[in-house]
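Enquirer: Predicted model and sequence below, questions to follow.
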Amino acid sequence: MAIKQARLGHVVLNVRDLKKSERFYREILGMKVSGRNPRTKMSFLSFGREHHDIALVGVRNRRSKIPKNKVSPLHHLSVYVRTPQEVDAMLPPLKRKRIPIVSGPETLEVAQNRSISFLDPDGNRVEVACNRHRFGYTARRR
């Protein structure tokens, strides 16, 4: 049975250092902590509309879950902002904090969205993009 209408609920990431990763998502993306579960070593972060958009799980055996020199199975997660200027404004603080930048700011050739990608403390790629299709139209036509 195919899903007829849906939207992504949230992303959950395994992280080596829960406090460090929580601080990264708060400081870099401006997310707020909406909850914590010390028993399961989880933090829940939100942009304000949902209880959580991203959850972080502190892995128990840090070396076995996320090998340091291995590629993350996650290609990237994306956060949409309203304007290209918001994307460009990410560059100076990322450079100041010496956060590795993967690409951008740039305009992507297919969707024509302004985008910047960088790595979180565990090597997960995070993209901040101005999705003109999402905010520019109330309904997309097929």
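Expert: Good, I have the coordinates. Residues are numbered from 1 along each chain as shown.
Enquirer: Tell me which stretches of the chain form strands.
Expert: Assigned by DSSP state E, the chain shows strands spanning 11-15, 32-37, 42-46, 54-58, 77-81, 101-107, 114-119, 125-130.
Enquirer: Would you mind giving these as TSV with mean pLDDT added?
Expert: Formatted as TSV, the strands of the chain follow (pLDDT from 0 to 100):
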stretch	mean pLDDT
strand 11-15	90
strand 32-37	94
strand 42-46	93
strand 54-58	91
strand 77-81	89
strand 101-107	94
strand 114-119	93
strand 125-130	90
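Enquirer: what pairs with the closest residue to Leu108 other than its chain neighbours across the strands?
Expert: Spatial nearest neighbour of Leu108, chain neighbours left out: Ser115 (5.3 Å); criterion: C-beta to C-beta, 6 or more residues apart in numbering. C-betas here are computed from N, CA, C, even on glycine. Ser115 has these beta-bridge partners by DSSP bridges: Glu106, Ala129.
Enquirer: Please report how far the closest residue in space to Pro105 that isn't next to it in sequence lies from Ser103.
Expert: Take Pro105 and drop its neighbours on the chain: the residue closest to it by C-beta to C-beta, 6+ apart is Ile116, 4.5 Å away. Between Ile116 and Ser103 the distance is 7 Å, computed by C-beta to C-beta, to the nearest Å.
Enquirer: the more surrounded of these two?
Expert: The neighbour comparison of Ile116 against Ser103 (other C-beta atoms under 10 Å) goes to Ile116, with 22 against 12.
Enquirer: For that one, give me its contacts.
Expert: 87-88, 90-91, 94, 101, 103-106, 127-129 (C-beta atoms under 8 Å, 6 or more residues apart in numbering).
Enquirer: what do you get for Ala55?
Expert: His10, Val11, Val12, Leu13, Met42, Ser43, Phe44, Leu45.
Enquirer: which of these lies closest to Pro121?
Expert: Leu13 (10.3 Å; C-beta to C-beta).
Enquirer: give the contact list for Ile54.
Expert: His10, Val11, Val12, Leu13, Tyr25, Met31, Phe44, Leu45, Leu77.
Enquirer: Mark out where each domain of this protein begins and ends.
Expert: 9-62, 75-142 (automatic domain parsing).
Enquirer: how far is the longest one from where the chain is centred?
Expert: Chain-centre distance of domain 75-142: 9 Å, with C-alpha atoms, centre = their mean, to the nearest Å.
Enquirer: Understood, closing this out.
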